[in-house]
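> Here's my sequence, what's the structure:
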Amino acid sequence: MTSPVSEAKSEVKSSGRMPRQIPYIIANEGCERFSFYGMRNILTPFLISTLLLFVAQDQRASEAKHVFHTFMMGVYFFPLLGGWLADRYYGKYNTIFWFSLVYCAGHACLAIFEHSVNGFYFGLFLIAFGSGGIKPLVASFVGDQFDKTNKDKAKIVFDAFYWIINFGSFFASLLMPVLLRDYGPSVAFGVPGILMFIATMVLWSGKKKYVHVPPAPANPHSFLHVVRTAVLATQPGAGRPGLFVAAAGVLGALAALAMTPSWGFVIAACTALVLLLACVGIGASMQLDRARGIHPDDAVDGVRAVLRILIVFGLVTPFWSLFDQKASTWIVQANTMSTEVSLLGWTFEVIPAQMQALNPLLVMLLIPFNNLVLFPLLNRMGLVPTALRRMTAGIAFSALAWIVVGNLQVQLDAGDTVSIAWQILPYALLTLGEVLVSATGLEFAYSQAPASMKGVIMALWYLAVTVGNLWVLIVNAGVKNEAVIAHIENSGVGVIAFQMYFFAAFALLAALAFGLYAKRYKMVDHYRA
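Coordinates of the predicted model:
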């Protein structure tokens with residue numbers, strides 16, 4: 001990890017003003033996140049209670065989790081398309097605006113087709129396509145409004161950006177379960193659609209005020225050109241091991257696509273893409289120096305920097321496999337808990353899906369607490385909370401959250417009555433992990449990406465979420481195997497608790513690997529001059 005001294009030397013002090021167009025983007029993001037989390041946080045209970053009634057009751061929760069995580073994989077898969085279109089052809093603003101219209105159409109489908117499986121799933125596809133298409137661009141669009149004269153303001157805005165996301169999510173998480181219960185799916189899914197339309201209009205109203213960074217022109221020394229040269233290049237007296245690794249990735253991707261009939265398109269396509277990216281990236285890194293002379297040194301060095309970033313992203317994927325299950329596995333667990341809570345002599349009923357509101361509420365509290373109290377204190381103690389250190393700790397905190405929630409599941413499996421209030425502790429641990437990983441990762445991804453690759457790099461950051469949800473589906477499929485079930489039964493804990501402890505161990509190993517890699521990572525500065 002880069003030392004605090006070298007980081008301090010590389011930091012350029014600036015005194016530029018805060019860009020005046022930022023409020024439009026922040027307001028757009030707040031409304032858009034209300035719409036997304038509003039529909040996402042009621043998706044699992046709606047599927048269980050209404051749409052999947054044709055599925056056997058003992059399998060309904062498992063099928064709902066499958067649909068939920070497949071949808072989330074799509075949401076974080078389509079950023080690749082949005083990032084590529086913005087970087088290569090249309091620019092960030094135009095791409096965000098047109099994908100937002102698709103997004104609005106998806107919300108309309110959810111409200112209209114509440115009893116049609118095909119219509120509702122088509123709406124989920126449109127939302128995945130629209131929200132995924134804009135996802136890598138809004139954060140990088142924020143970054144485009146800054147340059148080296150005011151880049152010190154960027155961290156404040158990225159934190160505000162993440163704060164407003166959770167502001168919208170908090171109220172959506174409280175209100176949407178009530179609307180679903182009292183007014184039905186058409187209203188509960190219609191309200192988020194209205195907020196998404198407002199978000200689109202707010203974005204449009206600030207069109208003339210934004211800094212519009214044009215798409216990158218065709219470049220013979222682009223990332224993909226350099227990678228292709230490195231993989232295919234020959235060297236006298238040497239073999240081409242990188243080409244064999246890349247070819248293995250292509251064959252693996254084709255094999256994954258061939259499994260589409262049994263896996264479904266989203267899972268098969270995501271698996272294929274992960275195999276292709278991993279193997280081609282490894283193959284290119286093995287032979288990257290062969291591209292020198294054919295391409296400029298700065299282009300080759302830029303590819304090496306991107307490949308290093310992708311390793312960081314890959315090590316974050318276990319965190320996302322834990323984080324996104326709070327809207328599926330944790331809701332299923334909450335459905336089996338006592339939902340009557342007493343606070344200061346006041347007793348009230350909690351709808352299980354409303355527990356999701358704890359996450360954004362805690363984020364809004366933790367971000368200012370970390371910036372004003374925790375991080376300054378750590379700095380005075382000589383423990384500088386650099387970006388990669390914060391992300392390492394965040395992954396570890398997520399593992400602790402799953403150990404706690406696993407212990408709660410063991411009590412439930414034993415027939416004990418457990419209050420839903422006990423989920424507050426794992427939510428607090430997981431949210432601390434989220435603030436340290438996700439809010440930090442947005443700024444890290446933008447700052448480390450070369451100018452011509454910012455949209456795509458942000459898309460690859462979000463692709464890590466897709467891979468995290470892919471881990472969930474793989475594990476869920478694995479526990480349906482008879483041999484695996486027999487092993488779990490011999491362990492003395494139930495299947496759900498076993499999975500929870502498995503994910504906790506998975507994240508702890510990832511935190512260890514991330515921390516070791518972070519010590520070797522050299523931070524760079526790719527803010528606009």
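> Am I right that Val493 is in a helix?
No: using DSSP: H, G, I helix; E, B strand; the rest coil, the assignment for Val493 is coil, not a helix.
> Spatially nearest residue to it, not counting backbone neighbours?
Distance criterion Cβ to Cβ, 6 or more residues apart in numbering; nearest residue to Val493, sequence neighbours excluded, is Val410 at 6.0 Å. Heads up, the C-betas are built off the backbone N, CA and C, glycines and all.
> How many residues are close by Trp485?
One correction, residue 485 is Ile, not Trp. Around Ile485 there are 14 other residues, counting by other Cβ atoms under 10 Å.
> centroid residue for this protein?
Centroid-nearest residue in the chain: Val465, 4.0 Å away (criterion: Cα atoms, centre = their mean).
> can you count the residues close to Met391?
By other Cβ under 10 Å, the residues close to Met391 number 26.
> which element is it on?
Here Met391 sits within helix 387-413, counting by DSSP states H and E.
> who's in contact with stretch 472-480?
62, 65-66, 69-70, 73, 267, 321, 324-325, 328, 484-485, 488, 495, 498-499, 502-503 (Cβ atoms under 8 Å, 6 or more residues apart in numbering).
> nope, stretch 274-292 is what I was after
For stretch 274-292, contacts defined as Cβ under 8 Å, 6+ apart pick out 226-227, 229-231, 233-235, 240-246, 248-250, 252-253, 256, 299-300, 303-304, 307, 310, 314, 460, 463, 467, 470.
> Tell me the spacing between the residue nearest to Val493 and Ile496.
Distance of Val410 to Ile496, computed by Cβ to Cβ, to the nearest Å: 10 Å.
> Cys109 too?
From Cys109 across to Ile496, the span is 32 Å (Cβ to Cβ).
> sorry, back to before: can you select the buried ones among the contacts of stretch 274-292 for me in ChimeraX?
In ChimeraX, a selection of the buried entries from the contacts of stretch 274-292 looks like this (16 or more other Cβ atoms under 10 Å):
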select :226,227,229,230,231,233,240,242,243,245,246,249,252,253,256,299,300,303,304,307,310,314,460,463,467,470
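> just the helices in the stretch 151-300 of the chain please.
Ranges of helices in the stretch 151-300 of the chain, per DSSP state H, counting those that start in this stretch, are 154-183, 185-205, 223-232, 241-258, 260-263, 265-286, 297-323.
> Report the buried residues of the second one.
The one in question is helix 185-205. Across helix 185-205, burial judged by 16+ other Cβ under 10 Å covers 185, 188-193, 195-200, 202-203.
> Poorly predicted segments of the protein, please.
For the chain, the stretches with pLDDT under 70 are 1-16, 150-152, 452-456, 459, 526-529.
> Which residue ranges make up each domain of it?
As recorded under automatic domain parsing, the domains making up the chain are 4-11+20-211+296-518, 222-295.
> tell me the angle the next helix or strand after the helix holding Met391 makes with helix 387-413.
Using DSSP H and E, the helix or strand that follows helix 387-413 in sequence is helix 424-434. Counting by axes from the mean of the first three to the mean of the last three Cα atoms, to 10 degrees, helix 424-434 lies at 160 degrees to helix 387-413.
> For helix 424-434, enumerate the helices and strands it packs against.
With contacts defined as 3 or more Cβ pairs under 8 Å, 6 or more residues apart in numbering; DSSP states H and E, helix 424-434 has these neighbours: helix 297-323, helix 358-369, helix 387-413.
> closest to Arg20 out of those?
Nearest to Arg20, of all those, is helix 358-369, at 22.9 Å by Cβ to Cβ.
> List the buried residues of the closest one.
For helix 358-369, burial by neighbour count (16+ other Cβ under 10 Å) applies to 358-364, 366-367.
> Make CSV from those residues and add distance to Val117 to it.
Shown next, in CSV, are these (distance: Cβ to Cβ, whole Å):
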residue, distance to Val117
Leu358, 31
Asn359, 29
Pro360, 30
Leu361, 34
Leu362, 35
Val363, 34
Met364, 36
Leu366, 39
Ile367, 39
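> Pull the most distant pair out of those.
Across those, the longest distance by Cβ to Cβ is 15.0 Å; it joins Leu358 and Ile367.
> just checking, Cys104 touches Phe197?
Yes: with contacts counted by Cβ atoms under 8 Å, Cys104 reaches Phe197, the gap being 5.3 Å.
> Tell me if I'm right that Gln354 and Ser173 touch.
Yes: here Gln354 reaches Ser173: they are 6.4 Å apart, a contact under Cβ under 8 Å.
> For these two, indicate the residue with more neighbours.
Counting neighbours by other Cβ under 10 Å for Gln354 and for Ser173 shows that Ser173 has the greater number, 26 against 21.
> Leu179 versus that one, what's the distance?
Distance of Ser173 to Leu179, given as Cβ to Cβ: 12 Å.
> how about the closest residue to Lys135 other than its chain neighbours, what does it touch?
Spatial nearest neighbour of Lys135, chain neighbours left out: Pro79 (4.7 Å); criterion: Cβ to Cβ, 6+ apart. The contact partners of Pro79, by Cβ under 8 Å, 6+ apart, come to 132-133, 135-136, 458-459, 462-463.
> The contacts of stretch 472-480, buried ones only, as a PyMOL selection?
In PyMOL syntax, the buried subset of the contacts of stretch 472-480 is picked out as below (16+ other Cβ under 10 Å):
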select buried, resi 65+66+69+70+73+267+321+324+325+328+488+495+498+499+502+503
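> Of the contacts of stretch 472-480, which belong to helices?
Mapping these onto helices (DSSP state H) picks out 62, 65-66, 69-70, 73, 267, 321, 484-485, 488, 495, 498-499, 502-503.
> Given the helix or strand harbouring Ser342, what are its sheet partners and their directions?
Secondary structure assignment for Ser342, by DSSP H and E: strand 340-343. Sheet pairing of strand 340-343 (DSSP bridges) gives strand 346-349 (antiparallel).
> who touches the strand it pairs with?
With contact meaning Cβ under 8 Å, 6+ apart, strand 346-349 is reached by 339-341.
> Mind listing what's buried along that strand?
Applying a neighbour-count criterion of 16+ other Cβ under 10 Å, one finds nothing buried in strand 346-349.
> roughly how far is that strand from the heart of the chain?
Mean-position distance between strand 346-349 and its chain equals 34 Å (Cα atoms, centre = their mean, to the nearest Å).
> cool, stretch 54-70 as well?
22 Å.
> what does stretch 476-496 give?
28 Å.
> in it, what counts as buried?
The neighbour-count check on stretch 476-496 (16+ other Cβ under 10 Å) flags 476, 479, 488, 493-496 as buried.
> Next, format these as CSV and append distance to Ala387.
What follows is the buried residues of stretch 476-496, written out as CSV (distance: Cβ to Cβ, whole Å):
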residue, distance to Ala387
Asn476, 32
Val479, 35
Ile488, 38
Val493, 37
Gly494, 38
Val495, 37
Ile496, 34
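> And the furthest pair within the residues you listed?
Asn476 and Val493 (16.6 Å).
> Would you mind measuring from the residue nearest to Val493 to Ala505?
Counting by Cβ to Cβ, the gap from Val410 to Ala505 is 15 Å.
> Specify which residue of these two has the higher count of neighbours.
Val410 (18 against 14).
> Please list all residues in contact with that one.
Neighbours of Val410 in contact, by Cβ under 8 Å, 6+ apart: 493-494, 497.
> any idea which residue of the protein is furthest from its center?
In the chain, the residue that sits farthest from the middle, by Cα atoms, centre = their mean, is Gly237; the gap is 44.1 Å.
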